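# Sequence isn't available, so here's the structure alone:
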């Protein structure tokens, strides 16, 4: 694979700005809440700008790994600090930057333990950034586990609705995922005989036998699949989404679930392509079930956040289906869907968060008529719901389109099932919109204010991203393709 | 960029389609709070679109071949999704219709919607609709058509549910979206199959390939049938037809725009767009013919049993769409498109007239409107009668010509049953249209005093001035324009036919069936043709006479023959129980069936299992913790016991 080393260390700069932000927050006295907010916003803003620059600076015609930075860390074990960006992780780095910044802005009104909240939040996001950009197995594993710890506290301390249960459940699930990933990584490390954790070296064809690949792939798929909300290991995600505070739900559903899918791609598929081909049938089956199952269960929920949680299960199923097709088209669609779903869910949670903060309920029957009371806040939610339904003009349409076309070619029946889920998704999204936002205005909330311009900024950014990539998908797709097509061509047939 | 300005045709096409989008964005983002400005932006945009469309129509009127522009929009692996414009007679005609109707409706809405709190939002949605519909009409590929097709669905969802505070309105919007999406899933699957099997979704290429038998017949039939699902959804064909009458919950101009002239016509338009493709598959055509016929008959019967002004026209829309599908499916390309054109005019006319009545009397019940003196509004009443005459197919109104063409095509079918069905439909159409007209013209028991009307509509005390005020004329002028078009349009049949078919632009439209069909209707002088002409006219006149007997004449009971058949009236009024069936299916199979099963599975089995494992871990930990009690005596006891066991073992 082609590697270009960085002239300016963008990737380290992203990590650095997160870490510096974290340290700065730690140094500020707890009482100075406004200052903490501004510092958080500035550093997350810098991160967003850096990730956007990175995205735009990437040379699509050249492809391969760019902005690489490599430094040996533990030579005796072959661990190195190796970061690089390619078409697969660039969209996700951009996504993380967007969700990070908008999440900080969404949590602007937090009053309880502001300092600790943002410190943990920065730690979580640092870990996610590190994972996305790392090309070293050891670092990927470490970053994965680093992200779990702040996640638990963020939910257990700042959450609501059975928060301890949700936090514990989520942590146990994800830890069991990491318990599957670790042995697989060690197994691959030992079997390769190369004495390195470097993914680039390990992904060369001929290093692992087919049997080894199948074994390791299954472990890695299940381990990362838990995080990606693969059916039937999905139940942590709605519960966790519901329990988490708004900004954390955004990162959680918007980015953390993508970590799982990205792990499947970067680790399992990169290192064990034969295992991938072998288990593709199973992956497609679980994904198709997840798509229709998540949509149908979502139809019955009465809690706004549960609805979004189950829609995530359904949409992440689309990602899984794309990955399962073993085609460049499917990979394109899957990565595209990861990005757009992240933005869309962040928008959903962000708008629900606003509503919840005002009405103190997220039960659909208790809401109703919000469009009359807070038209702008409702519009944000409705736009996100439309994106979730796959309405063209918003970015999510393209991801689904590509995945369905690719899937239909390989798995016609599962493809039909997945396409039918579009109908159910439309039904449950519209049902929620109708019950929570339409209808006569609810007297109880009549005095509540609408979103002001400043409060609306994070949601405006998210809507703008959805519309931008909805109208101009090539901007994102060309980057993804610079990785997916060479990768598929490089696979042994 | 420069290419845009060098080529006026391209510039006009781009302007026509993109200006409404810009106007929507501007209204939503900037001018939400300024109603007047929002309306001006929207109307300005649609006016420009209309001018561009007319310019294109004139410029390309005699262009021999279709003009096509394509730019790559998305290139994903081998899948190329282009964005572009296909300008051929069909798309130019439809573009003009859409732009014209949108324009008239938006002007009309200035009056109708005045004072509504959602005025700006209304115009934003109108612009969204205009953008989606026009971009759909001039799509060069089926994928682009599908994308904008979905956006049209979105726009209609928003417009139908415009009065979102009303439960029924939001319900109707949801129903429309979900039901059309059900059809769209078929459409989408059909496109994917075709893409995978044939590899190209360009409309011109598809049509050529189907004509040249370059697509395998199985693939062709399967994809044609699936794509027809989209037509069934969007054009409200059986069994997906019940969303359309419900969609009358939207503001009346919206009904005129979406559910008569343009949006529902999208399905028929798509059918005629890939007509040569369809004609490659006789099986798909036969099915379409059957579905069109069933739709036409069912909805005509439904229209005979309702007293809601807009619903009558809604049902008649469904039945006229059925007519168009029948014509196309029977091979009459021109007849179908011609009926689409004339129908767009007179149905928009009917709805806009109804809007004036509804605006005036605040009721949808036409008996009530008649009783309150509906006929005093002379201009709308005359215009409405013109529309109804056209709908029934009376000379010299436009509907007469197009309906003759349709029936002429049906007469060419070897099986007479289609023609008979068509004639029966024509009879019922005339009957229910004039049932309504007579109710309004000759209300039983005379017209009530004026005072009652004013009392019924508080806030509209200043009626008399309003009649001649700007608001009234805003609504009346578009109506009169449409009425004029309805009177004239029929005579343009042969130039239109020459324009559409004569060029044979989109492949060889002039099939054997086609040639026979439409020519017989216009210039052929075979005995069959006269027979059809005479029977059709007598059906229309008969229907009107029948309505006259029951509702019009002085001694009429105004009860209708359905009164004596309560069971059947019930059947018609309940829409043949289609809705009940659907509701029941949703409730039992989906809500309390699958979803509740899955939810319980989630809670009990998956979560229960996981929680069980956790509890097992906790419990076993508790059990083993007894070993670590820290009590010396227990430890000693265990130790001695263990030693004793070991000793015992060695002794044995």
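Received, thanks. Please read all numbers here as calculations on a predicted model, not as lab measurements. Residues are numbered from 1 along each chain as shown, chains lettered A, B, ... in the order given.
# give me the element the closest residue to residue A:416 other than its chain neighbours is part of.
The shortest distance from residue A:416 to any non-neighbouring residue, by Cβ to Cβ, 6 or more residues apart in numbering or on different chains, is to residue B:189 (6.7 Å). Every residue, glycine included, has its C-beta placed from N, CA and C. According to DSSP states H and E, residue B:189 maps onto helix B:167-198.
# any idea which helix or strand comes after that helix?
helix B:203-211.
# quick check: angle from whichever helix or strand comes after that next one to helix B:167-198?
Sequence order places helix B:217-234 as the next helix or strand after helix B:203-211, per DSSP H and E. Calculated by axes from the mean of the first three to the mean of the last three Cα atoms, to 10 degrees, helix B:217-234 forms an angle of 170 degrees with helix B:167-198.
# so does helix B:217-234 get close to chain A?
No - using Cβ under 8 Å from any Cβ of the partner chain, helix B:217-234 stays clear of chain A, coming no nearer than 10.6 Å.
# same for that helix, what does it pack against?
helix B:142-160, helix B:167-198, helix B:265-273, helix B:275-279, helix B:282-303 (3 or more Cβ pairs under 8 Å, 6 or more residues apart in numbering or on different chains; DSSP states H and E).
# For the residue most central in space within chain A, what are phi and psi?
The centre of chain A sits closest to residue A:255, judged by Cα atoms, centre = their mean, with a distance of 2.5 Å. When read as degrees, to the nearest 10, the backbone of residue A:255 gives phi -120, psi -50.
# what sits against it?
A:92, A:95-96, A:99-100, A:125, A:128, A:342 (Cβ atoms under 8 Å, 6 or more residues apart in numbering or on different chains).
# repeat that for 6 Å
A:96, A:99, A:128, A:342 (Cβ atoms under 6 Å, 6 or more residues apart in numbering or on different chains).
# Equivalent analysis for residue B:234, please.
Per Cβ under 6 Å, 6+ apart, neighbours of residue B:234: B:180, B:266-267.
# Residue A:166 contacts residue A:240, correct?
Yes - judged on Cβ atoms under 6 Å, residue A:166 makes contact with residue A:240 at a distance of 5.2 Å.
# So between those two, which is more surrounded?
residue A:240 (29 against 22; other Cβ atoms under 10 Å in any protein chain shown).
# Next, count neighbours for the closest residue in space to the more buried one that isn't next to it in sequence.
Nearest non-adjacent residue to residue A:240, counting by Cβ to Cβ, 6+ apart: residue A:170, 4.0 Å away. Residues within reach of residue A:170, counting by other Cβ under 10 Å, total 25.
# and residue A:170, what element?
If you go by DSSP H and E, residue A:170 is part of helix A:163-192.
# So what's the gap between that helix and the chain middle?
18 Å (Cα atoms, centre = their mean, to the nearest Å).
# near chain B, which residues of the stretch 151-300 of chain A?
A:232, A:235, A:293, A:296-297, A:299-300 (Cβ under 6 Å from any Cβ of the partner chain).
# Provide the secondary structure category for residue B:325.
Under DSSP: H, G, I helix; E, B strand; the rest coil, residue B:325 falls in the helix class.
# Quick check: it vs residue B:278, distance?
Relative to residue B:278, residue B:325 is positioned 11 Å away (Cβ to Cβ, to the nearest Å).
# Over to residue B:398?
With Cβ to Cβ as the criterion, residue B:398 and residue B:278 are 26 Å apart.
# Repeat that for residue A:408.
Residue A:408 is 22 Å from residue B:278, by Cβ to Cβ.
# More neighbours: which of these two?
residue B:278 (27 against 22).
# and that one, what is it in contact with?
Applying Cβ under 6 Å, 6+ apart to residue B:278 gives the contacts B:224, B:284.
# which element is residue A:69 on?
strand A:65-74.
# And residue A:225, by the same measure?
helix A:210-227.
# got a list of contacts for that helix?
Under Cβ under 6 Å, 6+ apart, the answer for helix A:210-227 is A:173-174, A:177, A:180-181, A:184, A:187-188, A:191, A:233, A:259-260, A:263-264, A:267-268, A:272, A:274-276, A:278-279.
# The next helix or strand after it versus helix A:210-227: what angle between them?
Under the assignment DSSP H and E, the closest C-terminal helix or strand after helix A:210-227 is helix A:236-243. Interaxial angle of helix A:236-243 relative to helix A:210-227 (the same axes, to 10 degrees): 30 degrees.
# what's the average pLDDT for helix A:236-243?
Average pLDDT, helix A:236-243: 87.
# Tell me which other helices or strands it touches.
Contacts defined by 3 or more Cβ pairs under 6 Å, 6 or more residues apart in numbering or on different chains; DSSP states H and E place helix A:236-243 against helix A:163-192, helix A:304-324.
# Backbone torsions only: list them for the closest residue to residue B:580 other than its chain neighbours.
Setting aside the residues directly before and after it, residue B:580 is nearest to residue B:574 in space (Cβ to Cβ, 6+ apart), at 6.8 Å. Main-chain torsions, residue B:574, degrees, to the nearest 10: phi -90, psi 20.
# next one: phi and psi at residue B:67?
When read as degrees, to the nearest 10, the backbone of residue B:67 gives phi -100, psi 130.
# So it sits against residue B:87, correct?
Yes - between residue B:67 and residue B:87 there is a contact under Cβ under 6 Å: 4.3 Å.
# Looking at those two, which one has more neighbours?
When neighbours are counted by other Cβ under 10 Å, residue B:67 and residue B:87 differ, and residue B:87 comes out ahead with 25 against 20.
# so who does that one touch?
Shown in contact with residue B:87 (Cβ under 6 Å, 6+ apart): B:60, B:67.
# Distance of it relative to residue B:204?
Residue B:87 is 12 Å from residue B:204, by Cβ to Cβ.
# before we move on, what about residue B:252?
38 Å.
# If you count surrounding residues, which of these two has more?
residue B:252 (26 against 20).
# separation between the nearest residue to the more buried one once chain neighbours are set aside and residue B:128?
Using Cβ to Cβ, 6+ apart and skipping residues adjacent in sequence, the residue nearest residue B:252 is residue B:355, 3.4 Å away. Separation of residue B:355 from residue B:128 (Cβ to Cβ) stands at 21 Å.
# now swap in residue A:246 and tell me
Between residue A:246 and residue B:128 the distance is 30 Å, computed by Cβ to Cβ.
# quick one on the thing from earlier: count residues in the vicinity of the residue nearest to residue B:252, would you?
There are 27 residues near residue B:355, going by other Cβ under 10 Å.
# The chain: strands as residue ranges?
In the absence of a named chain, this looks at chain A. Assigned strands in chain A, in chain order: A:3-5, A:65-74, A:79-85 (criterion: DSSP state E).
# meant chain B, my bad for not saying
B:67-76, B:79-87.
# The first one packs against which elements?
With contacts defined as 3+ Cβ pairs under 6 Å, 6+ apart, the secondary structure elements packing on strand B:67-76 are strand B:79-87.
# Could you check the angle the strand it packs on makes with strand B:67-76?
Using the same axes, to 10 degrees: strand B:79-87 against strand B:67-76 is 160 degrees.
# Low-confidence stretches in the chain?
No chain in the question, so chain A it is. Along chain A, the model assigns pLDDT under 70 to residues A:1, A:493.
# The chain in question should be chain B.
In chain B (pLDDT under 70), the answer is B:1-4, B:260-261, B:445-469, B:502-526, B:556-558, B:560.
# can I see the domain layout of it?
Annotated domains of chain B cover B:2-573, B:581-651 [automatic domain parsing].
# Of those domains, which is nearest residue A:328?
Closest approach to residue A:328 among the domains of chain B is made by domain B:2-573 (4.8 Å; Cβ to Cβ).
# so how many other residues sit close to residue 227?
In the absence of a named chain, chain A is used. By other Cβ under 10 Å, neighbour count at residue A:227 equals 29.
# That was the other one, I meant chain B.
With other Cβ under 10 Å as criterion, residue B:227 counts 26.
# Same question for the one 4 residues further on.
Using other Cβ under 10 Å, the number of residues around residue B:231 comes to 27.
# Distance check, it against residue A:42.
Residue B:231 is 55 Å from residue A:42, by Cβ to Cβ.
# Check residue A:369 too.
Distance from residue A:369 to residue A:42, by Cβ to Cβ: 38 Å.
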